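1. Provided below for reference: sequence and predicted model.
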Amino acid sequence: MQLNRRALQLVDALESRSIECRVEILRSSQGSRLIDAGARAPGSLQAGLMLSRICMADLAEISLGYGQWGPEIQVWSDYPAAACLASQYAGWRLHSDHFFGMGSGPMRAAAGGEELFDRIGFREQAKAVVGVIETRQKPTDEIIERIAQACQVEAGAVTLLFAPTASLAGAMQIVARSMETALHKMLVLGFDCKQIVAGQGIAPLPPVGSNDLLMIGRTNDAILYGSHVTLWVQSDDEFIQELGPRIPSQASPDHGVPFAELFARVHHDFYKIDPLLFSPAIITMVNMTSGRAHTFGKFETDIMQASFFTL
């Protein structure tokens, strides 16, 4: 698939349109390319769409539409396991004394350090790598060097795009993860993701504010309580009926309150939240073997209302 090469082509296109997309192109002391898509730079809707596509190694189509709650992000892919699990999933915790951010994008496939890659049977070697980090901080030289070593490339061959949650592009790339949360949950529950032929997800884009904690709550609520994912699979109907009710967010004991409230309860420590909470509100699996469609979960409109329109 050459995920990093595909993403680099999009990064080059974004750099060529940096003024139009309102992003800032920076260089680290080691020569790494850094793209600020929402920290100091204002970013844009187009930057958000491109950031989301880069995060998925350009293996998905992503669009901005309009629905019940206002703007919404739709994503679909014919290669959902590669796009979502090998690239988009924020599985790389990047931290030091002076930096913290969750890393995603195809650089993860080059590093290959997560157990997830053993389960999906995919890693890649790359001459240059691309990552997306949810952070308000410019990546430090220490973090860049750590990424370069893990990916076995020179620091100058690392490209990192970054944006905080409370930014237009940052919020968009998080809401574009509806399908990714479904696949990761299914992987954890024991579903063979190689049986997923194609996927589509849609989730509302909440009002964007200047407070990262507020936006962490709203973007998670958009997925947990307002997203609908459809997957075309080749499986067994009985297995789907057994597994299906365990996939939506409502299967978690942490379901049922605005995410900001839940996050405050655990003193803003993601690792104290039930990891199986992170999944779409509704999932539909279309079994191409039998022709049957199975739908599980429900929207939580009251929680969405409270989250999106209450400060």
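-> Nice, I can see it.

2. And the closest residue to residue 117 other than its chain neighbours, its phi and psi?
-> The spatially closest residue to residue 117, leaving aside those adjacent along the chain, is residue 123, at 5.3 Å (CB to CB, 6 or more residues apart in numbering). No exception for glycine: its C-beta is placed from N, CA and C like everyone else's. Dihedral angles of residue 123 (phi, psi; degrees, to the nearest 10) stand at phi -150, psi 170.

3. Could you tell me how many residues sit around residue 123?
-> Residues lying near residue 123 (other CB atoms under 10 Å) number 15.

4. and residue 46, what helix or strand is that in?
-> Of the helices and strands defined by DSSP states H and E, residue 46 is found in helix 45-55.

5. ok, back up a step: correct me, but the residue nearest to residue 117 touches residue 108?
-> No: between residue 123 and residue 108 there is no contact under CB atoms under 8 Å: 9.4 Å.

6. residues shared between the contacts of these two?
-> Counting by CB atoms under 8 Å, 6 or more residues apart in numbering, the shared contacts of residue 123 and residue 108 are residue 117.

7. returning to what we had before: what comes up buried for the helix holding residue 46?
-> Within helix 45-55, the residues that qualify as buried are 46-55, counting by 16 or more other CB atoms under 10 Å.

8. Packing partners of the helix or strand just after that helix?
-> With elements assigned by DSSP H and E, the helix or strand that comes after helix 45-55 is strand 61-67. Using 3 or more CB pairs under 8 Å, 6 or more residues apart in numbering; DSSP states H and E as the contact test, the elements touching strand 61-67 are helix 45-55, strand 70-77, strand 196-204.

9. Dump the ones you listed to CSV, plus mean pLDDT and distance to residue 34.
-> Output for these, formatted as CSV (pLDDT from 0 to 100; distance: least, CB to CB, whole Å):
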stretch, mean pLDDT, distance to residue 34
helix 45-55, 98, 13
strand 70-77, 97, 25
strand 196-204, 98, 28
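
10. In JSON lines, list those along with distance to residue 39.
-> Formatted as JSON lines, these follow (distance: least, CB to CB, whole Å):
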{"stretch": "helix 45-55", "distance to residue 39": "12"}
{"stretch": "strand 70-77", "distance to residue 39": "21"}
{"stretch": "strand 196-204", "distance to residue 39": "23"}
